[in-house]
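Novice: how would this look folded up:
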Amino acid sequence: MIVFDLKCPHNHTFEAWFRSSADYETQREQGIVECPFCGSTDISKALMAPNVAAKSNSKSAPVPAVTNSQDPKVQELAAQAQELFQKVREHVEDSCDYVGNDFAEEARKIHYGESEERGIYGESTAEETQELLDEGVEILPLPAARRSDA
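Specialist: Presented below is the predicted three-dimensional model:
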């Protein structure tokens, strides 16, 4: 069995299980796969999600950040964003295969039909992530998990 994150033209996302990638394609073409929110049968696969981890010896691009803001609205929005990131991360970890540092290689294999199509997650460098995007591989970088043991 394989689980896919699917979406409809109205940006509703949902999970569905299939025996294989071919089984998904057959059911989608027959109009059997349907959005549980709006009933649309115009369904496509949602993006795969890697965890982008920078190597300690590589320079990373600057990321906009806010720290120690005293503005209550900023604090509230930051807390909501962190909660949302955690929910996304948990969903990915529950429904996709972890491939570790082989993420870029495995994502390419899936993209080019050399490996079974499935949701995966793992680590890739910023350079590997950019190369995948340049190749048209559908991925979604995730923010790093907030450490609670520091």
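
Novice: and the next element down the chain from the helix or strand of the chain with the lowest mean pLDDT?
Specialist: For the chain, counting by mean pLDDT, DSSP states H and E, strand 51-52 ranks last in confidence among helices and strands (a mean of 50). Counting by DSSP states H and E, the element after strand 51-52 in chain order, helix or strand, is helix 72-95.

Novice: so which bits of that next one are buried?
Specialist: Of all the residues in helix 72-95, those buried under the rule 16 or more other C-beta atoms under 10 Å are 89, 92, 95. The way it works is simple: take the backbone N, C-alpha and C, and place the C-beta from them, glycine included.

Novice: what's the closest of those residues to I120?
Specialist: The closest of the buried residues of helix 72-95 to I120 turns out to be V92 (C-beta to C-beta; 9.3 Å).

Novice: that closest one and S40: what is the separation?
Specialist: 24 Å (C-beta to C-beta, to the nearest Å).

Novice: report pLDDT for the residue of the chain positioned farthest from its centre.
Specialist: Centroid-distance maximum for the chain: Q70 at 32.2 Å, with C-alpha atoms, centre = their mean. pLDDT for Q70: 72.

Novice: from A78, how far off is it?
Specialist: Q70 is 12 Å from A78, by C-beta to C-beta.

Novice: let me see the domain layout of this protein.
Specialist: 1-46, 48-150 (automatic domain parsing).

Novice: rank those by pLDDT, which is bottom?
Specialist: Among the domains of the chain, domain 48-150 carries the lowest mean pLDDT (a mean of 76).

Novice: can you give the distance of that one from its chain's centre?
Specialist: Its chain's C-alpha centre and that of domain 48-150 lie 7 Å apart, by C-alpha atoms, centre = their mean, to the nearest Å.

Novice: now do stretch 7-17
Specialist: Worked out by C-alpha atoms, centre = their mean, stretch 7-17 lies 13 Å from the chain centre.

Novice: dump it to CSV, restricted to CA.
Specialist: The C-alpha coordinates for stretch 7-17 follow below in CSV (Å, rounded to 0.1, in the frame of the first residue of the first chain):
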residue,chain,number,x,y,z
LYS,A,7,-5.2,18.1,-3.9
CYS,A,8,-8.1,19.4,-6.0
PRO,A,9,-8.3,22.7,-8.0
HIS,A,10,-9.8,24.4,-4.9
ASN,A,11,-6.5,23.7,-2.9
HIS,A,12,-8.2,21.2,-0.6
THR,A,13,-5.6,18.6,0.4
PHE,A,14,-6.2,15.1,1.6
GLU,A,15,-4.6,11.7,1.9
ALA,A,16,-5.6,8.5,0.1
TRP,A,17,-4.2,5.0,0.1
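
Novice: alright, I will stop here.
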